[in-house]
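Novice: What follows is a predicted structure for the sequence shown.
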Amino acid sequence: MMKLFGNNKLAITGFLIASFLAIAALLAPWLIPYDPAGQDLSNRLDGPSWHHPFGNDELGRDILSRLLMGARVSMRVGGAVVLLSGVAGVLIGGLAGYVGGKLDIFVTVIVIDSLMAFPGILLAIALVAFLGPGLDRLIFALVIIGWVGYARLARGQVLKIKTLEFVEAARALGASSARIFFLHVLPSIVQPVLVQASIGMATAVLAEATLSFLGLGIAAPAPSWGAMLNDGRNHLFDAPHMVVFPSVALVLTVLSFNILADAFRDWLDPKSLKS
Amino acid sequence: MLGFVVRRLALTLPVAWIVITLVFGLIHLVPGDPIAQMLGEGSSVTEVARLRHELGLDRPVIEQYRNYLLGLYHGNLGVSFRDQQPVADSIRARYPATIELAVAALGFSLLFSIPAGVISAIRKGRFADRALGLVSLLGVSLPNFALGPLLILLFSIGLGLLPVSGRNGISHLILPAVTLGMGIAAMTMRMVRSSMLEEIHQDYIRTARAKGLRERTVLFKHALRNGLLPVITILGLQTGALLAGAFVTETIFSWPGLGRLTIQAINARDYPLVQGCILAITLTYILVNLLTDVMYSMIDPRIRL
């Protein structure tokens, strides 16, 4: 890890926060002090206290417990979206770049350009609007918009790598195209894909929260940071803690993965190492 | 120049056609019967059949598609299921509010990012650079649905300076514009900073200084003009973030725009209206990207080659 981050304190902090979040998400069922769906109407909208460090929401549910379980949802969606879109994007984009010709034109001009024509997460909003809410549909919608970034990256990298001498050498030794693609070309593009995955994690967590905020994500009463923020919006005057704590959790998560992406990029860029 | 515009338009039209086709196909993604979904539980078979006929969904898909394209050609996006108003009229009524918000957000992001980026570049490594770097990192990481309520907490509830919601004059526009524009401002600031750092070490800047020009003239008249070129591209791309971000910002501030209309239509399962809104926003985005490219080619003729 020291080799990766060196003396970059910001990167180490980002790594520690991301690790903490991942562990908190993993152990959430054992860490939560209260049932995240358990209502206590006599203590609704209570501010932070010893018993409820982050306070209660409008139904008297413990916000700390809901945040911890919400971290689980965020990490699950983020992990699934990064994995599925990463594999699909690298394979489709990589193959388009490697094979070239009509396949490349079809993938880049028709499929990718058309999907990129939708602004931001509008396509995900449209898909969820018509498919209906639910965790699996949400992940599907985010993968549909997420794989494009990996495909563009993989295509560009493969176009560069397939002309290098070690690929020529493998071909001269009689290796099949499939063997060259999977065993020689793909392993060479892992590093930039890692940077993209780190950014993708932050983007997926944000997108899940955005859709849940708009009421298009995880169905209630399952806790999601975006939905918690939406609930808190109606109580800005009497219970601002309902907005503050989910905001902080979300910012820390996105910040940590963005910092990690920067650290990976620095690690991969020889110019920045020299400086 | 004209050749470039024609070439760029030739690339845009097929994409616009595919987008229109995808939006047309969205209603067929609805699990089960979209008509039954729209009418909700307890709807009679007669009602379902009547609405299916009204919306033309009982005809072959090819015919539906042809009618959809013909309707688009005549500016007809169908009829809203809930209020029976033409979808095009609803969109036309809400469109100006979204454009007003997007333009204000873009204006805020430029007013913030250009001076901040220049200051950051000329004060590289000093306190101002670090402080602005932190602001930009926060701006990139703070989603608008977290920033909006926090701004309301601070400026509306805490200080009582600005209204919480609605659309009634400049004072109502400030918080939504800052919420929507902050992410873009942060990103553009980073771009201006790195672009300026590159420019201020160029030979022509040394020449300008050697001529005895004032530092302000060197920075703003010489370096910034070239430094802003890549920023235009970024701004064009960021329009997508603006339009998508309008969904959240308009919901937070009850801004009567297209984003809020879309969310209301989704919640009401008013599929024709959702389709119309998504199409309007996406076509706007495609058009803005086209205009950005044309503008960029006017400023930097190398792009036309």
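Specialist: Okay, I see it. Numbering: from 1, shown residues only, chains lettered A, B, ... in the order given.

Novice: Quick one: list the elements packing against the helix or strand of chain B with the lowest mean pLDDT.
Specialist: One helix or strand of chain B scores below all others by mean pLDDT, DSSP states H and E: helix B:34-39, with a mean of 76. Helices and strands touching helix B:34-39, by 3 or more CB pairs under 8 Å, 6 or more residues apart in numbering or on different chains; DSSP states H and E, are helix B:45-55. Glycine gets a C-beta too; all of them are placed from N, C-alpha and C.

Novice: wait, does the helix it packs on make contact with chain A?
Specialist: No. Contact of helix B:45-55 with chain A (CB under 8 Å from any CB of the partner chain) is absent, the minimum separation being 14.5 Å.

Novice: what is the rounded mean pLDDT of that helix?
Specialist: The predicted model assigns helix B:45-55 a mean pLDDT of 81.

Novice: Now do the buried residues in it.
Specialist: B:L51, B:R52, B:L55 (16 or more other CB atoms under 10 Å in any protein chain shown).

Novice: So the last one sits against B:G71, correct?
Specialist: When you say that, I think you mean B:L55. No. Here B:L55 does not reach B:G71: they are 11.6 Å apart, not a contact under CB atoms under 8 Å.

Novice: Name the residues contacting each of these two.
Specialist: Common contacts of B:L55 and B:G71, defined by CB atoms under 8 Å, 6 or more residues apart in numbering or on different chains, comprise B:G78.

Novice: what's the closest non-adjacent residue to the residue of the stretch 1-150 of chain A found nearest chain B?
Specialist: When you check the stretch 1-150 of chain A against chain B by CB to the nearest CB, the closest residue turns out to be A:G120, at 2.7 Å. Excluding its sequence neighbours, the residue lying closest to A:G120 (CB to CB, 6 or more residues apart in numbering or on different chains) is B:A244, at 2.7 Å.

Novice: so how far is B:G71 from that neighbour?
Specialist: Applying CB to CB, to the nearest Å, the value for B:A244 to B:G71 is 26 Å.

Novice: These two: who's more crowded?
Specialist: Set side by side, B:A244 and B:G71 show more neighbours around B:A244, with 23 against 15, by other CB atoms under 10 Å in any protein chain shown.

Novice: which ones are touching the more buried one?
Specialist: B:A244 touches A:P119, A:G120, A:I121, A:L122, A:I125, counting by CB under 8 Å, 6+ apart.

Novice: A:R61 contacts A:Q39, correct?
Specialist: Yes. At 6.0 Å, A:R61 counts as touching A:Q39 under the criterion of CB under 8 Å.

Novice: that's a helix at the residue of the stretch 1-150 of chain A closest to chain B, yeah?
Specialist: No. According to DSSP: H, G, I helix; E, B strand; the rest coil, A:G120 belongs to no helix; its state is coil.

Novice: How many neighbouring residues does A:L164 have?
Specialist: When neighbours are counted by other CB under 10 Å, A:L164 comes out with 12.

Novice: how close does it get to chain B?
Specialist: 28 Å (CB to the nearest CB, to the nearest Å).

Novice: and that residue, what is it in contact with?
Specialist: By CB under 8 Å, 6+ apart, A:L164 has no neighbours at all.

Novice: got the residues of the stretch 51-200 of chain A near chain B?
Specialist: A:110, A:113-114, A:117-122, A:125-127, A:129-132.

Novice: Mark which of these are buried, thanks.
Specialist: A:113-114, A:117-122, A:125-127, A:129-132.

Novice: Look up which helix or strand the nearest residue to A:L127 once chain neighbours are set aside falls in, please.
Specialist: Leaving aside its sequence neighbours, A:L127 sits nearest to A:A141 (CB to CB, 6+ apart; 4.0 Å). Assigned by DSSP states H and E, A:A141 belongs to helix A:135-161.

Novice: Check the secondary structure at the residue in the stretch 151-300 of chain B that chain A sits nearest to for me.
Specialist: Residue nearest to chain A within the stretch 151-300 of chain B (CB to the nearest CB): B:A244, separated by 2.7 Å. Assigned with three-state DSSP, B:A244 falls in the helix class.

Novice: From A:L123, how far out is it?
Specialist: Distance from B:A244 to A:L123, by CB to CB: 9 Å.

Novice: hang on, the earlier thing: between the buried residues of helix B:45-55, which sits nearest A:I32?
Specialist: Nearest to A:I32 among the buried residues of helix B:45-55, counting by CB to CB, is B:L51 at 45.9 Å.

Novice: Show me where chain B has its helices.
Specialist: Secondary structure of chain B by DSSP state H: the helices cover B:2-25, B:34-39, B:45-55, B:61-73, B:87-122, B:127-141, B:144-151, B:170-199, B:203-210, B:215-217, B:224-227, B:229-252, B:258-267, B:271-299.

Novice: Pipe the ones you listed into a markdown table and attach distance to A:S247 per row.
Specialist: Shown next, in a markdown table, are these (distance: least, CB to CB, whole Å):
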| stretch | distance to A:S247 |
| --- | --- |
| helix B:2-25 | 33 |
| helix B:34-39 | 34 |
| helix B:45-55 | 41 |
| helix B:61-73 | 41 |
| helix B:87-122 | 20 |
| helix B:127-141 | 11 |
| helix B:144-151 | 4 |
| helix B:170-199 | 13 |
| helix B:203-210 | 42 |
| helix B:215-217 | 39 |
| helix B:224-227 | 34 |
| helix B:229-252 | 12 |
| helix B:258-267 | 21 |
| helix B:271-299 | 26 |
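
Novice: Compare the mean pLDDT across those and name the weakest.
Specialist: Minimum mean pLDDT among those: helix B:34-39, a mean of 76.

Novice: Can I get that helix in PDB, CA atoms only?
Specialist: C-alpha atoms of helix B:34-39 as PDB (Å, rounded to 0.1, in the frame of the first residue of the first chain):
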ATOM      1  CA  PRO B  34     -48.500  -0.500 -19.500                       C
ATOM      2  CA  ILE B  35     -52.200   0.500 -19.800                       C
ATOM      3  CA  ALA B  36     -53.100  -1.500 -16.700                       C
ATOM      4  CA  GLN B  37     -50.100   0.000 -14.900                       C
ATOM      5  CA  MET B  38     -51.300   3.500 -15.900                       C
ATOM      6  CA  LEU B  39     -54.900   2.900 -14.800                       C
END
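
Novice: Which residues does that helix contact?
Specialist: Counting by CB under 8 Å, 6+ apart, B:27-28, B:30, B:43, B:47-48, B:51-52, B:55, B:57, B:81, B:269-271 sit against helix B:34-39.

Novice: just curious, which of those residues is nearest to chain A?
Specialist: Using CB to the nearest CB, B:V30 comes nearest to chain A of these, at 5.2 Å.
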